[in-house]
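> coords below, sequence missing:
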């Protein structure tokens, strides 16, 4: 959360993920996003996807120190979009009091760079894929490996086809279940990479919609990540909350990465609010039973 004021030189804020990755994250469409947000002095802005703070740093004209030295101007809050009401209530921020909201959906390069997170199809690591596996926020959440260990083939087809827009969803789902029966557990990204490539009998790369080379397992990884993190429901709820907390005639800026995110955002911006769940698939694999039944 930002309280924007040009009178105070705000300093550089690193998230834990950014610091541990030893890489500099370059925020996408940074200048464009801030221009559209059009920040003004003495206003309150909420960056819903802080990450390494790239957009915040641009907005605040930050320096190379830690923002906590300027208490009251930059307040980091850790949680899901659906946690926002409680988090803002703790900061005495009420509805219709925020002057701007910024979303940058999807994973950051920092998360892909850390093999232990399980997002990357290039680096081998555990099939985790939880957005937060460090701060205890998602300790009760199943991993991608947990899902693959228990999901039924017909449900996995839906996950891959809808969330990954994978045309070969049925073939990949059947191959995963067959390998699972033999190995009992698919637990690394390399195992899943090799499985998808062998299933499709293709080279490691194929052309995406933009005719750019893309790893054959990219859509499978995307689908599992979206499912594990309940991303579409969180995006839908986040957009509803942004509307609830913004003042009249203020601004919301949303950067989307793929068509599923884009559809939800445009529905809200066009006034077609999606009530209830945005996900067409029941998240029945979340909870105690998938790990312990």
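Now that the structure is in, tell me what you want to look at. As the structure is a computational prediction, the values presented were derived from the model and not from experiment. Numbers count the residues shown, from 1 in each chain.
> okay, residue 94: pLDDT?
We have a pLDDT of 91 for residue 94.
> helix, strand, or coil at it?
Here residue 94 is coil, with the state taken from DSSP: H, G, I helix; E, B strand; the rest coil.
> quick check on it: phi, psi?
phi -100, psi 170 (degrees, to the nearest 10).
> need the contact list for it.
residue 88 (Cβ atoms under 8 Å, 6 or more residues apart in numbering). C-beta coordinates here come from the backbone N, C-alpha and C atoms, glycine included.
> go again with 10 Å.
88, 245 (Cβ atoms under 10 Å, 6 or more residues apart in numbering).
> what's the answer for the one 4 residues further on, then?
Taking Cβ under 10 Å, 6+ apart as the contact definition, residue 98 lies against 1-2, 43-46, 88, 241-242, 244-247, 250, 252.
> pull out the buried positions in the longest strand seen in the chain.
The longest strand of the chain (DSSP state E) is strand 246-255. Under the neighbour-count criterion of 16 or more other Cβ atoms under 10 Å, strand 246-255 has 246, 250, 252, 253, 254, 255 buried.
> run a quick neighbour tally on the residue lying closest to the last one once chain neighbours are set aside.
Closest residue in space to residue 255, ignoring its immediate chain neighbours: residue 104 at 4.5 Å, by Cβ to Cβ, 6 or more residues apart in numbering. Around residue 104 sit 22 other residues, with neighbours defined as other Cβ atoms under 10 Å.
> let me know the closest of the buried residues of strand 246-255 to residue 188.
residue 255 (30.9 Å; Cβ to Cβ).
> test my guess that that closest one contacts residue 49.
Yes: under the criterion of Cβ atoms under 10 Å, residue 255 makes contact with residue 49 at 8.6 Å.
> could you list every residue that touches the residue lying closest to residue 122 once chain neighbours are set aside?
Spatial nearest neighbour of residue 122, excluding adjacent residues (Cβ to Cβ, 6+ apart): residue 215 at 7.2 Å. Shown in contact with residue 215 (Cβ under 10 Å, 6+ apart): 120, 121, 122, 193, 196, 197, 203, 204, 205, 206, 208, 221.
> format the residues you listed as TSV; extra columns: pLDDT.
What follows is those, written out as TSV (pLDDT from 0 to 100):
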residue	pLDDT
120	84
121	86
122	84
193	92
196	94
197	92
203	69
204	72
205	75
206	73
208	71
221	95
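> which of those residues are buried?
Taking 16+ other Cβ under 10 Å as the criterion, what is buried in the contacts of residue 215 is 120, 121, 193, 196, 197, 221.
> keep only those of the contacts of residue 215 that are in strands.
205, 206.
> all helices of the stretch 151-293 of the chain, in order?
Ranges of helices within the stretch 151-293 of the chain are 153-158, 169-183, 189-200, 218-228, 231-245, 259-269, 288-292, based on DSSP state H, counting those that start in this stretch.
> quick one: which of the ones you listed is nearest residue 115?
helix 189-200 (7.5 Å).
> can you list the buried residues in the closest one?
Buried, per 16+ other Cβ under 10 Å, within helix 189-200: 189, 190, 191, 192, 193, 195, 196, 197, 199, 200.
> shaky segments in the protein?
Within the chain, the stretches with pLDDT under 70 are 1-28, 50-74, 108-113, 133-140, 202-203, 209-210, 272-293.
> break it into its domains for me.
Domains of the chain are assigned by the TED database as 30-106+231-285, 109-229.
> could you turn the buried ones of the contacts of residue 98 into a ChimeraX selection?
Per 16+ other Cβ under 10 Å, the buried members of the contacts of residue 98 correspond to this ChimeraX selection:
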select :1,2,43,44,45,46,88,241,242,245,246,250,252
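> out of the contacts of residue 98, which one sits closest to residue 80?
residue 241 (10.8 Å).
> and the gap between the nearest residue to residue 183 once chain neighbours are set aside and residue 124?
Spatial nearest neighbour of residue 183, excluding adjacent residues (Cβ to Cβ, 6+ apart): residue 191 at 7.8 Å. Counting by Cβ to Cβ, to the nearest Å, the gap from residue 191 to residue 124 is 9 Å.
> cool, residue 186 as well?
13 Å.
> for residue 164, same thing?
Using Cβ to Cβ, which is the criterion applied here, residue 164 is 20 Å from residue 124.
> more neighbours: those two, which one.
residue 164 (24 against 13).
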